[in-house]
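**Student:** Coordinates for the following, if possible.
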Amino acid sequence: MGGRVGGLSSKFYRETKGVKVSGGQAVKQGTVLTREGHRWKPGLNVIGDMHLTARCDGQIYFTRKKSTYNKVVTFINVRPVAAAAQN
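**Tutor:** As a prediction, the model looks like this:
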């Protein structure tokens, strides 16, 4: 009775992980930004822990900061549409 029924094999499942958007890209509320990663942390207007999603419509930008033990962490942020129109 073993084996997989439907779904993705482990080979193709690995390919679906990671960052789904690039810097400067416009996103809508609820858009998935990353899947399963400890490399990225939620920044401004981003919610989630392992799967990061956009909290509002806007434009993506990344920031990098040093955390404890001088480890560099990348934060994913969303610049809201109203703020993006002013710049």
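
**Student:** which residues sit against the helix or strand harbouring Y61?
**Tutor:** Y61 belongs to strand 58-66 when elements are defined using DSSP states H and E. Strand 58-66 has contacts (Cβ atoms under 8 Å, 6 or more residues apart in numbering) with 21-27, 33, 43, 45, 72-81, 83-84. Quick note: C-beta positions are derived from backbone N, CA and C, even for glycine.

**Student:** Same question for stretch 38-56.
**Tutor:** Taking Cβ under 8 Å, 6+ apart as the rule, stretch 38-56 contacts 19, 27-37, 58, 63, 73-81.

**Student:** Can you turn the buried part of the residues you listed into a PyMOL selection?
**Tutor:** Remark: buried members of the contacts of stretch 38-56, expressed as a PyMOL selection using 16 or more other Cβ atoms under 10 Å:
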select buried, resi 19+27+31+33+34+58+75+76+77+78+79
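
**Student:** Could you check how far stretch 37-45 is from the centre of its chain?
**Tutor:** 6 Å (Cα atoms, centre = their mean, to the nearest Å).

**Student:** typo on my end, stretch 32-44
**Tutor:** Taking mean C-alpha positions (Cα atoms, centre = their mean), stretch 32-44 and its chain are 4 Å apart.

**Student:** pLDDT of that stretch, averaged?
**Tutor:** The pLDDT scores in stretch 32-44 average 90.

**Student:** Endpoints of that stretch, how far apart?
**Tutor:** Counting by Cα to Cα, to the nearest Å, you get 15 Å between the two ends of stretch 32-44.

**Student:** ok, now stretch 25-42?
**Tutor:** In terms of Cα to Cα, the two terminal residues of stretch 25-42 are separated by 17 Å.
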